[in-house]
Structures are given as C-alpha cells and as structure tokens.
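*Asks:* Predicted coordinates and the sequence they were generated for:
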Amino acid sequence: MGQGQGDYRILHEAALRDYLAEQPDLVTLLGAEPVSWSITEVGDGNLNLVFIVKGDRGGVAVKQALPYVRLVGESWPLPLSRAHYEYLSLSKQAQLAPGLVPALLHHNEALALTVMELLEPHIIMRKGMVAGTQYPRFVDDITSFMARTLFFTSDLALSAAEKKQGIAAFAGNHALCKITEDLIFTDPYRIAEQNRWTSPYLDALAAELREDMELHVAVSRLKLKFMASPEALLHGDLHTGSIMVTDGQTRVIDPEFAFYGPMGFDVGAVLANLLMAYFASAGHERSPGERQVFEDWVLGTVEQVWNEFARKFLELWRDEAAGDAYPISLFAGEKGAARLEAERQAYMRRLFTDTVGFAAAKTIRRIFGLAHNIDFELIEDPKKRAFSEARAVRLARGLMVEAAAAFRTIADVTGAARKLRDWMPELSG
Ligand code: SR1
Ligand code: MG
C-alpha cells in the first residue's frame, strides 16, 4: 500500500517469491524459508494471473491483474485499476456478508496485486456442477450474499449522500462495464469478430438472432438498465466460475466487475448459470438416474435461490430500512404500513422481471459471444453440445422477450426449462 504508480511489473514465479519474501506477515503465514515455497500459476479465468503459494506453515492465493485481457492478448489493453475495484468491493462484501468472501491479506495498488486466503479444498462451483455434484449450502449462502450486499448498498439502507459516495467510488471501473455492455448486450446480436458458436449446427440460430428485432429491443432495454440504474453495488460477474464451494462452504470471488448497477444483473447471473448447467447436463456422461437427480436438484436450486433471496431481501427491508428512499414518515399507521408492504411486493415483482431478462442475456452471450463456459464447452460431441445450447437459447429468448407477461413466478421459469429438456431443435449443417 502507498506505492507509486509506474512501479507495475508482471510478477512471474521468481519475482513473486522475492516480493512475498519482503512481506513479514506473509512470511509468518507461509513459513520462514521462501526458497522452499511452491508457487503455481493456476489462473483459468479470462483476465488475470492467479498463483497458489504454499510453504511449510500455510498457503495463500495471489491475484495480479495484467494490463490486457488474458484471453485475447496484448492487443486488448485493460486498466490495472480493476484490481483496486476488486479489492474495494471484496472489503465491502466482507463487511456486509462476513464469511462469504475470501479473507484479504495484502494489497499492492501499484502492482495491481492482492493476496488472499487460500481456499482449500474448495473448487470452482462450475467445475463441480459439470461433474454432477450438488452443493447443499449453496442456496442459503448465495442468497445471504446477494440479499445483504445488494440491500445494504441501496437507497433502502443508505442516506442519499452515502449512496452517491458509493457510486462515485466505483464510477472509474467503466472499462470493465464496457466489456459487459459489448460482450453481453451487443455483440451476440450482430456480426462481431470475436463471436463464436457451435458451427455449423447453430449457424441458422445465430443468423436468426441477428434479425430478431423483438430480441434486439429487449436486450437494448436491458443494456440501458445496466448502464443507467445504479441501484446497488453489484458483484458484476456472479457466475458459477466466480463461486468456490465445498459441501459445507461457499465463497464468492473475483468481483473485479463491481460497480453500482441494477440488482437483477447479479441475481440473473446466478440463475442463468444454474439454468445453463441444467441444459448442459444432457451432454455429460451420466446415467439416466444420475442425470434426473442432478437436474431436479438444479431446478429446485433455481427456485430456492429466487425465493430465499426475495424472502431475505424483504426481511432486511422490513427490519433494517434506514435509507432515504421510502421515508417512514410517509407510511404512518396501519394504513401506511399496509400500503408500504404492497409496494415492497411490487418492487420485488419488478426486480424479478429484471432478473429474468438479465438471466436470458447472460445465457445468450455464453453461446454466441466471445467468452463461453465449460458447462457447454466440455460436451465433446458438437452436435450434442448444440442441442443443449439451442434449448438454453430457446428458453432465454422467451425469458427476454416475454419476461413480464409470461414469467411471473420462478416456477414459470423452471416449468419452461423442464418442458425444453428433451426438445429436439432443428440444427443447421
Ligand atoms: C474479455 S472478458 C470476458 C468475460 O470474462 C469475465 O469473466 C466476464 O464474464 C467477461 O464478460
Ligand atoms: Mg472472473
């Protein structure tokens, strides 16, 4: 901390060892023999370097932002400041949702480097779900994380001044927002160099999406909401690759896309990634019985995530509303209390509609955009993969275009997903 700008350099193994050896607290944690520490680069995300460092006393995870998008290379520069926003949001999340994010051990602003608790034996949830694993703590933990981080950074909990300071603190993270604006809300619906899909099987579907004006209107409304609705501090990239799990623990990682945006973007990200795991399940090696059990668990989880999130969010609103929105003096007496409660229910209906729309956008981008996910990518047979993807797209189109009219409850969403389980789309090629 307190380092000057311009001191940035990429720390590969030897330089990282030397750097960590100069941090007394980390040496105490790892063990006094830096030369014996094992250092392994394990980053499999799209943007950064991630190292696991282990000594004879303990281990840490080290994340360093690269000055470019790792997935693409140096031709796509990206500000190092994202490490600052990640550190800032992790600190806030630790305060609001204790025990649900990794502990922060060290941060160097100039090196865009953060040292965190090593999460072991946790694995990336997406990998576990590809293997068909169920996570019993997930619903309770992720709904606490979302309800608390979203509620306590919103106008329902904060004064107008505090809220605006929060918005200002994250406003500089616009390069990361721009990635989302382009890769999620724009490119999949037009010809873009970086798009890809399971060709030739989805060629016709990709072309249909580019001509589908109802869809273009719906996704543009969502894009506007994303850009112009600073409701709360979002994680900003809350997919199952940003969640690490064991049977008994859940930790949310990687909030470098954090900014003040619409709450439904985070909740929709979680639901989308569960729904994609559901559709991908048909393409993975598992017996019919195992498949059924896993898919039932996933759809049950989709329902519980929304229901529990809504319950916890409303409970916070009823018990801990200290913000400048909905002044209590305007809702005095029994009549006022009843009217405010009706308004809370209306607020949640709007949030549900946003959530459903954002879930759809998050799904379509993983099938036609630049960054795909292993749920589908690890289905080796491209035709099987295309069937799973086409089913997910069919649901997503309905969710996006008919969000308010046809999907009023979470059971409407899971019911539609269930109906598409064995649907055989016509594929190109
Ligand atoms: C160029 S970055 C591509 C994607 O990786 C991140 O995980 C975000 O989802 C982003 O959209
Ligand atoms: Mg990430």
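*Replies:* Happy to help now that I have it. Ligands and ions are numbered 1, 2, ... in the order given.
*Asks:* and the protein, which residues reach ligand 2?
*Replies:* By the rule Cβ under 5 Å from the ion, the part of the chain lying against ligand 2 is 45, 254. Where C-beta positions appear, they are placed from N, C-alpha and C, glycine not excepted.
*Asks:* so where do the strands sit in the chain?
*Replies:* For the chain, strands defined by DSSP state E occupy the ranges 38-41, 48-54, 59-65, 68-69, 73-77, 104-108, 113-117, 123-124, 232-234, 243-245, 250-252, 259-261.
*Asks:* okay, those, which one's buried deepest?
*Replies:* Comparing those by mean neighbour count (mean count of other Cβ atoms under 10 Å), strand 232-234 ranks first with a mean of 27.
*Asks:* Quick one: the strands of the chain as CSV, columns for mean pLDDT too.
*Replies:* Below are the strands of the chain laid out as CSV (pLDDT from 0 to 100):
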stretch, mean pLDDT
strand 38-41, 97
strand 48-54, 97
strand 59-65, 98
strand 68-69, 96
strand 73-77, 95
strand 104-108, 98
strand 113-117, 98
strand 123-124, 97
strand 232-234, 99
strand 243-245, 98
strand 250-252, 98
strand 259-261, 99
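*Asks:* which stretch among those comes nearest ligand 1?
*Replies:* For ligand 1, the closest of the strands of the chain is strand 68-69, at 4.6 Å, according to Cβ to the nearest ligand atom.
*Asks:* quick one: is that closest one near ligand 1?
*Replies:* Yes - using Cβ under 6 Å from any ligand atom, strand 68-69 comes into contact with ligand 1 via residue 69.
*Asks:* Burial check on whichever residue of the chain sits closest to ligand 2, number of neighbours?
*Replies:* As assessed by Cβ to the ion, ligand 2 sits closest to residue 254 within the chain, at 3.8 Å. Residues lying near residue 254 (other Cβ atoms under 10 Å) number 25.
*Asks:* so residue 121 touches residue 246, yeah?
*Replies:* Yes - Residue 121 lies in contact with residue 246 (Cβ atoms under 8 Å); the separation is 6.0 Å.
*Asks:* Neighbour count for these two, which is higher?
*Replies:* Neighbour count, other Cβ under 10 Å: between residue 121 and residue 246, residue 246 has more, with 15 against 8.
*Asks:* that older thread, in a markdown table, list the strands of the chain along with distance to residue 143.
*Replies:* Output for these, formatted as a markdown table (distance: least, Cβ to Cβ, whole Å):
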| stretch | distance to residue 143 |
| --- | --- |
| strand 38-41 | 33 |
| strand 48-54 | 27 |
| strand 59-65 | 25 |
| strand 68-69 | 31 |
| strand 73-77 | 35 |
| strand 104-108 | 23 |
| strand 113-117 | 22 |
| strand 123-124 | 20 |
| strand 232-234 | 15 |
| strand 243-245 | 12 |
| strand 250-252 | 10 |
| strand 259-261 | 19 |
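*Asks:* for those, which one sits closest to residue 164?
*Replies:* Closest of the strands of the chain to residue 164 is strand 259-261, at 9.4 Å (criterion: Cβ to Cβ).
*Asks:* so how far is that closest one from its chain's centroid?
*Replies:* 13 Å (Cα atoms, centre = their mean, to the nearest Å).
*Asks:* Ok, stretch 143-154 next?
*Replies:* Put simply, stretch 143-154 sits 14 Å off its chain's centre (Cα atoms, centre = their mean).
*Asks:* same thing with stretch 12-22?
*Replies:* For stretch 12-22, the distance to the chain centre is 31 Å (Cα atoms, centre = their mean).
*Asks:* if we can go back for a sec, closest to residue 330 out of the strands of the chain?
*Replies:* Using Cβ to Cβ, those put strand 232-234 closest to residue 330, at 21.9 Å.
*Asks:* Give me the domain ranges for this protein.
*Replies:* Split into domains by automatic domain parsing, the chain comes to 13-117, 123-419.
*Asks:* what's the straight distance from one end of the longest one to the other?
*Replies:* Across its full length, domain 123-419 reaches 31 Å end to end, with Cα to Cα, to the nearest Å as the criterion.
*Asks:* start at 35 instead
*Replies:* Sure, I'll start numbering at 35, so the last one becomes domain 157-453.
*Asks:* Without its sequence neighbours, what residue ends up closest to residue 427?
*Replies:* Nearest non-adjacent residue to residue 427, counting by Cβ to Cβ, 6 or more residues apart in numbering: residue 401, 5.8 Å away.
*Asks:* For the one you found, give me its contacts.
*Replies:* Shown in contact with residue 401 (Cβ atoms under 8 Å, 6 or more residues apart in numbering): 222, 231-232, 236, 410, 423, 426-427.
*Asks:* Equivalent analysis for residue 296, please.
*Replies:* 259-260, 263, 265, 268, 388, 392.
*Asks:* which of those residues count as buried?
*Replies:* 259-260, 265, 268, 388, 392 (16 or more other Cβ atoms under 10 Å).
*Asks:* Ligand 1 contacts on the stretch 335-463 of the chain?
*Replies:* Neighbours of ligand 1 within the stretch 335-463 of the chain, by Cβ under 6 Å from any ligand atom: residue 405.
*Asks:* Relative to ligand 1, which residue of the stretch 335-463 of the chain is the closest?
*Replies:* For the stretch 335-463 of the chain, Cβ to the nearest ligand atom, closest residue to ligand 1: residue 405, 3.8 Å.
*Asks:* hmm, back to that, ok, now how distant is the residue of the chain closest to ligand 2 from residue 271?
*Replies:* Separation of residue 288 from residue 271 (Cβ to Cβ, to the nearest Å) stands at 6 Å.
*Asks:* follow-up on the earlier one: helices - which of the buried ones among the contacts of residue 296 land there?
*Replies:* 259-260, 388, 392 (DSSP state H).
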